[in-house]
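S.K.: take a look and give me a structure for this.
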Amino acid sequence: MPFRLCFGDGDLLRCRFALSPRWETQEAVRTLQRPGRHGYHLPWLRAIRASAASLDLRPLWLLMPLRGHTPDFLGPPPIGPAASFDEEIAAIRAADPDAAREDIARSLVCTPGAYESPLGRAMLADPARAVRDLADLTEAAWRTLVEPHWPRLRALLEADLVFHSRRLAEGGLEALFNGLHPSLTWHDGTLTIDRPGTHVRELGGQGLVLMPSAFGWPEVVSGFDPPWQPTLVYPARGIGALWTEAGTRTPEALARLLGRGRADVLCALEAPGATTALAQRLGMAPSTVSAHLSALRDAGLLLSRRHGHRVLYERTPLGIALATGVTP
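M.R.: Sure, this is the predicted structure:
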């Protein structure tokens, strides 16, 4: 039986999007363990190789079976639409030790030998300490592996939210669900995920949190049991351009027409982006990028829209035609 999320009368009214820096941290740690994911993140792997060597990630890896359960208390659904990492790690530190022990035990049995290993036995013998140690290690992984690259990652995830929010506005929830990933199908109030395993979740009026992930690409994840908020994690769009350095593909003719800086900004907006992320990618001052964005918007090449406390810019059809030579 595939994974199924069953919607009741009130659940469709309570669907929302969210981002989670803590989830990306967990999946970054998992990516280091899984060579099959490395091809999507080679520039990142080269950038973090030396600093990652200082981390002993074995306790987290032990709880990341190839098939089976990863403890929900370590990877809970996001606590809000734009929660910070500090807020999310505080929730992990507050986990109940008894519930955490059950969660850890359920995960350990999914990997042969893990339950009886010295590390596994130590976690089970002192779950309160295990919670502290695992939270400390997760925070260290965030600071080392993800935080330096978070503006770029957040820009990709926010661009995905803008795209799918537009899809929702244009085609409704059916178009949204059927367009998130090829393994997802929506029919008669049930969202089905074509993946190994068995999981049926009645949403029970809680609705569904939809969360794009960069490091989780290309997998779809949904296995949270009560009392956790029902959540679907899906691959973010645009992963192929995530680590591409902006400015390297700006046509010379466009640079002569607009000026190098404005042309680089226009070409960097392959997906909606914010000033800070663009400045980091292009190596420009935020004030300079802001001035270029305003000029491009005034010329009809960009649109801007507010997303939470941030303003995202995206190319108009004319901007797309100039940057790519292709009329959308």
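
S.K.: which residues does the closest residue to Leu66 other than its chain neighbours contact?
M.R.: Closest residue in space to Leu66, ignoring its immediate chain neighbours: Thr111 at 7.7 Å, by CB to CB, 6 or more residues apart in numbering. Heads up, the C-betas are built off the backbone N, CA and C, glycines and all. If you count contacts by CB atoms under 8 Å, 6 or more residues apart in numbering, Thr111 has them with 62, 65-66, 68.

S.K.: Gln280 and Tyr313, how far apart?
M.R.: Applying CB to CB, to the nearest Å, the value for Gln280 to Tyr313 is 15 Å.

S.K.: try Leu208
M.R.: Going from Leu208 to Tyr313 by CB to CB gives 29 Å.

S.K.: neighbour count for those two, which is higher?
M.R.: Between Leu208 and Tyr313, counting by other CB atoms under 10 Å, Tyr313 is the more crowded of the two (26 against 23).

S.K.: check the secondary structure at the more buried one for me.
M.R.: Counting by DSSP: H, G, I helix; E, B strand; the rest coil, the backbone at Tyr313 sits in strand.

S.K.: on the pLDDT front, check it for me.
M.R.: pLDDT for Tyr313: 88.

S.K.: and Thr316, by the same measure?
M.R.: 86.

S.K.: so who does it touch?
M.R.: 300-303.

S.K.: which of those tops the neighbour count?
M.R.: Ranked by neighbour count (other CB under 10 Å), those have Leu301 at the top, with 24 neighbours.

S.K.: was I right about that residue contacting Gly319?
M.R.: Yes - using CB atoms under 8 Å, Leu301 is in contact with Gly319, at 3.7 Å.

S.K.: ok, and the closest non-adjacent residue to Leu266?
M.R.: Ala323 (5.2 Å).

S.K.: what's the following helix or strand after the helix or strand harbouring Leu176?
M.R.: Following DSSP states H and E, one finds Leu176 within helix 150-180. Using DSSP H and E, the helix or strand that follows helix 150-180 in sequence is strand 184-187.

S.K.: packing partners of that next one?
M.R.: If you count contacts as 3 or more CB pairs under 8 Å, 6 or more residues apart in numbering; DSSP states H and E, strand 184-187 packs onto helix 150-180, strand 190-193.

S.K.: okay, now the sheet partners of the shortest one, with direction.
M.R.: This means strand 190-193. Note on strand 190-193: by DSSP bridges, its sheet partners are strand 3-6 (antiparallel), strand 184-187 (antiparallel).

S.K.: please identify the most buried of those strands.
M.R.: The highest mean neighbour count among those, using mean count of other CB atoms under 10 Å, belongs to strand 3-6: a mean of 19.

S.K.: list the contacts of it.
M.R.: Strand 3-6 is contacted by residues 189-193, 195, 197-203, 208, 222-223, 230, 232 when judged by CB under 8 Å, 6+ apart.
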